[in-house]
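Trainee: I need the structure of the sequence given here:
(2 chains)
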Amino acid sequence: MDVVGKVVCAGLGIALCALYKAPAFTQSVTAFALAASTAQDPTDIAFIQAPEFTAGDPARRFPLGSRLVRLRLGAEVTAPSVLILLTPQFFAAADPQVSFDGRNLLFAAQAQRNTNWQIWEIPVKGGSPRQVTHCAGDCVQPEYLAVGEIAYTSLRGVEPARTSEVQICRNDGSEAHPITFGPGRYEVEAVLRSGRLLLSAEAPLVDVPSVNQARSLYLVDPDGSGLMLLRQDGTAQAIRSGAVELTDGTILFMQRNAASASEEHLAWIHPGALQATAIESAHSGYASANALDHGTLLVSRRAPGHRFDLYQIFPNSRGRDQLLYRDAHASSVQAVLIAPHTVALTYSSILHPDRKSGRIICLDAYASKDFTTGRLPDQIVRVRALLKTQDGEKILGEAPVERDGSFYATVPADLPIRLQLIGVHGEVLKQQRSWMWVRSGEDRGCVGCHESQALAPENRSPLTLQRLDTPTPLMGEIVINPGTQKKARP
Amino acid sequence: MTTASKRSASRVRRRDEALLGIALLSVIIALIMFIAQRPKPATAAEHTSSPEAAIRYLSPVALQLSPNGQRLYVVCEDSDAVLAVDTRSQRIVGRAEVGKRPKGIAISPDGNTLYVSDEGSDAVTEIDAQTLTIRRTISVGWNPVGLVTDRAGITLYVANTLGDDVSVIDLRTGTEKKRLHAGRFPEYVALSRDGSRVYVANLLARLGPPDQPPISELTVIDSATQQVTARLEVPGVLQLRHITELPAAAGGYLLIPFMRPKNLNPLVQIQQGGYLTHGMAVIRPSATSAGEARDYQVSELLLDDIDHYYADGFGVASTPDGHWALVTASGSNIVSIVDTSRLRTLLLNSRPMHRLELANRLDSAHKLVAARLLTGRNPTDVVTSADGRFAYIANRMDDTISVLDMTRLQLAATIDLGGPKQLSRIRRGQQLFFDASHCYQGQMACATCHPHEGLSDGLAWSLETPQLGRDVVENRTLYSIEGTEPFKWNGKNPDLETQDGPRTAMYIFRSQGFSPTEVEDLVAYIFSLHLVRNPHLAADGHLTDAQTRGQALFFREKTNSGAPISPLQQCPTCHSPLTHFTSKIQIDVGTATKYDTITAFDVPQLEGAVMKPPYLHDGEALQLEEIWTRFNPDDKHGLTSDMNKAQLNDLIEYLKTL
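Mentor: This is a model prediction of the structure:
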């Protein structure tokens, strides 16, 4: 619907609007205005309306169905505004994302109550949606990448054997392939302007109950290489979700304690901060949060026992929250600003899919933030690589650790592994409590083992590279069958 | 048949005999040798002579405020001019034409005289600050940049970048009293607040073993005796830039932006400071009385964040009360405003061990930086007004001045200096060259490792190869490289488009890099880079006696004893004067080490390349002479074992003219 159409709609109401041109379905509603200090032009948003919303399993969030709608927020109160329904043909819709040029919306949708979730795309002005994915399971949480690709979460199986991984495909749904290779139920959170993907996954992944609810934020390159925790902030029992990147690079997300029944509150990690900080607010009970403009946030929040409504909030000014939209019969969640935004950088992969192995170079295994000196006090002799198997784990081998703490080893690609540091008596001094993987042909660099993420490495040539017999192969007895090898893309 | 033709025919016969069996190589070399007769005179063009190059951009690069704050003087390096801007009306009120490629500016203590360094003229232009008329031109050393007067206004100190020294000028006579040896590539200078010392920041690190971290130098000159009294080591960094000294009440620290490389590490990880970081040296002179030997405490702080980098620190200034320090990140179009009270607290509360660790901490800036403000393109110099209300930043790549409101820490205005709005291909490439936004998390621009418009940073880098830790290679200059393809020490990049296109994106920027059109622009700019002037070569191209003797040695065909030299051991065979003194192929000259996976290396061009050591593919040779006296035991790198010291000196004198 064009601007004229919407003006007509606003003025004459639903009936004439439907006669004029209804791309899907429109409804006259009351929307509040953006705060005067931030509103300059009318602002369009898209969000999900649902009679019921439940956080958790991405395929079970809208048990009674949901719909994707569009709404214009003015600089002044306009009543009625027009709510445009974009997805009348679906039982449920979720996870709207705006394309970099601001013209299209990517979203997940369920055609019928019992069909799988797939990824779809629709013009922001409305029209016929285009199906992008044809997943065997459920595919949700889509995100645009820079060069005609999208990332999404692929869900398979049912609880307690539910799995999820992150996949990439072309905009037409072709060339779908996974980029995560370990347990942990990886889900897409956001595509950062640097081109990397922000994921969430269970953590830690070792020595924990089989059903672990704590989730942390991870970074990974779009080719699946370079997996790392966004921050090791020491709050292991926190469930983090709904992460987005703000214009200054701050990562905004929702967080709640896995061990209690508390509701989500907002927190963020600034680009230079080692720790996340809670956003000052008297509220909790958030369902989503996103950037709006002028440093304000567009959030979905509810009072206890009520549905989720949309608010504009001022993170550093308690009490200035502005109600934007409320529907007495439905929750409003996952709101996004419809506007062009900065295109993420394209990532240039240097993987070699034919190698079937990757390499790990650690510069200083002694570096560890777990000790007041910042260094492991015991002498490290070897590093051991363990491979996750169906019934536990097996040792792939051990490599020498030089006196400067460096080691260099080859490990099988695209399989979940973890490392242990071994002392002079064969004892395990430190061990990784999460699973990682190395892609085919990847050279994974580590400053240390569990070092502070704020610590850049010293400038020195690691002793392990002065040996001519490294990298040490830690391949165990693995025979990689190309037929079962997950596809790796350069 | 002429004598020259007879000589050429004779050489061809001997060469064919010697190269029998390696036919392909012989053909290439024979073609080069047949034509090669004498060296091509070195030129001093600043840019190519294309019509686009005729567009004169301004490129403001240095600033000076009048004492009353009413005038801002702007040095424009690409238009050979100084502009005067009225700070109230923000309009240009005067212009002075100066020498070639002006780079720096100083003002006399009474505010009546300006001194502008003309890098391309090896001179300083003295200007009446009110009328902007030229009073005189003073000769100084090679490629002057930074300059400052003493408190009395009778002595001028000028940093000569190519000369590695500082000219001490008596302003009463307009003559150079002496030259003081500085570090390597001294670029910017500052007078201490008490006037007792002149600080000189050196862009390049000291020469040292390529397998050790760099050590940079801050040279300290006693302004009373005009002697160097200290050479402060700033370990682990290079590219020391502008200098500011905080007032004593704010700690009295010297602040100097730097780059902290990780060239010895395998470059497998760009995040978490894996390639390099950016920050500033914080140097605190001890509180001894003037004249006594001073102790200096050198700390290093990063201005990068964990998840984002502020590339290529350049200008630095503080407000008069010292509360705010401003540091421009010239590759990121950002000025970081540092709360110096927090800086002082951080340093005073840090134990020595933790103070050392600060040099690698990426979470310090989060605690110190009060604001990051967007500037114009490529912010360079920054100055603050005497009342502390405003700061001015020169944006080299868009010909503007950013005006900051320091009471609100906001951009107050942008002054358009009136440069051409049309962007030539070279200008577009130049903008890209200084722009770190193409790199993942903004870590680096081309200029990060090629500072001062194409210089090599003098470091050997452990770039990623199929085998980590192997094939460590010395960075190379970008001066005069057109026509010297292939590129890289292994010769694998057939042209600069390959080098700067996908390969740079994949292995250096770890991001999308440049589009094909951008690569074309970038190549055009890089091919326009030459030394402004080769100070070793007379203006008329005439060679000195030593240079002439060296030229003869370069082209000699017989040893000192009269024995014929195999063509493969003659200098011009590989360093052909017809092709910028390179044969454009890879040759084994016996310099490979056990850490190299190849033995044959690209023959480097010599034009503009011999100016700054180190040399050879891995930077092992710290002086030219070492190429032959340490790393050529078998005469594979030319027959040089019979040359005596005097001959080697002559040869070096000639090579410097290329």
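Trainee: State which one residue of the stretch 51-200 of chain B is found closest to chain A.
Mentor: Residue of the stretch 51-200 of chain B nearest chain A, by CB to the nearest CB: residue B:184 (18.2 Å). All C-beta atoms are positioned from the backbone trio N, CA, C, and that covers glycine.
Trainee: if I look at the closest residue to that residue other than its chain neighbours, how far off is residue B:574?
Mentor: The spatially closest residue to residue B:184, leaving aside those adjacent along the chain, is residue B:204, at 3.9 Å (CB to CB, 6 or more residues apart in numbering or on different chains). Residue B:204 sits at a distance of 27 Å from residue B:574 (criterion: CB to CB, to the nearest Å).
Trainee: out of the two, which sits in the more crowded spot?
Mentor: Legend: neighbour count by other CB atoms under 10 Å in any protein chain shown for residue B:204 and residue B:574, higher for residue B:204 (27 against 22).
Trainee: So the residue in the stretch 51-200 of chain A that chain B sits nearest to: helix, strand or coil?
Mentor: In the stretch 51-200 of chain A, the residue that lies nearest chain B is residue A:194 (5.4 Å; CB to the nearest CB). Taking DSSP: H, G, I helix; E, B strand; the rest coil as the rule, one finds residue A:194 in the coil state.
Trainee: could you point out which element follows the helix or strand bottoming out on mean pLDDT in chain B?
Mentor: Using mean pLDDT, DSSP states H and E, helix B:23-35 stands out as the lowest-scoring helix or strand of chain B, at a mean of 42. Using DSSP states H and E, the helix or strand that follows helix B:23-35 in sequence is strand B:60-65.
Trainee: what's the angle between the next helix or strand after that next one and strand B:60-65?
Mentor: Heading C-terminal from strand B:60-65, the first helix or strand you meet, by DSSP H and E, is strand B:71-76. Here strand B:71-76 points in a direction 160 degrees away from that of strand B:60-65 (axes from the mean of the first three to the mean of the last three CA atoms, to 10 degrees).
Trainee: Check which helices and strands whatever helix or strand comes next after strand B:71-76 is in contact with.
Mentor: Scanning forward in sequence from strand B:71-76 by DSSP H and E, the next helix or strand is strand B:81-86. With contacts taken as 3 or more CB pairs under 8 Å, 6 or more residues apart in numbering or on different chains; DSSP states H and E, strand B:81-86 sits against strand B:71-76, strand B:91-97, strand B:102-107.
Trainee: Same list (those strands) but as TSV, adding distance to residue A:378.
Mentor: As requested, the helices and strands packed on strand B:81-86 are exported to TSV (distance: least, CB to CB, whole Å):
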stretch	distance to residue A:378
strand B:71-76	58
strand B:91-97	67
strand B:102-107	54
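Trainee: got the residues of the stretch 301-450 of chain B near chain A?
Mentor: Within the stretch 301-450 of chain B, the positions near chain A by CB under 8 Å from any CB of the partner chain are B:302, B:304-308, B:357, B:360-363, B:365-366, B:369, B:438, B:440-441.
Trainee: So which of the residues you listed belong to strands?
Mentor: Using DSSP state E, the members of these that fall in strands are B:302, B:369.
Trainee: List the ones among the residues of the stretch 301-450 of chain B next to chain A that fall in helices.
Mentor: B:357, B:365, B:366 (DSSP state H).
Trainee: tell me the secondary structure for the most centrally placed residue in chain B?
Mentor: Taking CA atoms, centre = their mean, the centroid of chain B lies closest to residue B:452, which sits 3.4 Å from it. Using three-state DSSP, the structure places residue B:452 in helix.
Trainee: ok, the spatially closest residue to it that is not a sequence neighbour to residue B:449 distance?
Mentor: Leaving aside its sequence neighbours, residue B:452 sits nearest to residue B:203 (CB to CB, 6+ apart; 6.3 Å). Noted for residue B:203: a distance of 12 Å to residue B:449, by CB to CB.
Trainee: ok, and the closest non-adjacent residue to residue 418?
Mentor: All of this refers to chain A. residue A:432 (4.0 Å).
Trainee: wrong one, I was asking about chain B
Mentor: Nearest one to residue B:418, counting by CB to CB, 6+ apart, is residue B:92 at 6.7 Å.
Trainee: Neighbours of the one you found, how many?
Mentor: Other residues close to residue B:92 by other CB under 10 Å number 16.
Trainee: what about the helices in the stretch 551-658 of chain B?
Mentor: Residue ranges of the helices in the stretch 551-658 of chain B, as given by DSSP state H, counting those that start in this stretch, are B:571-574, B:624-629, B:645-655.
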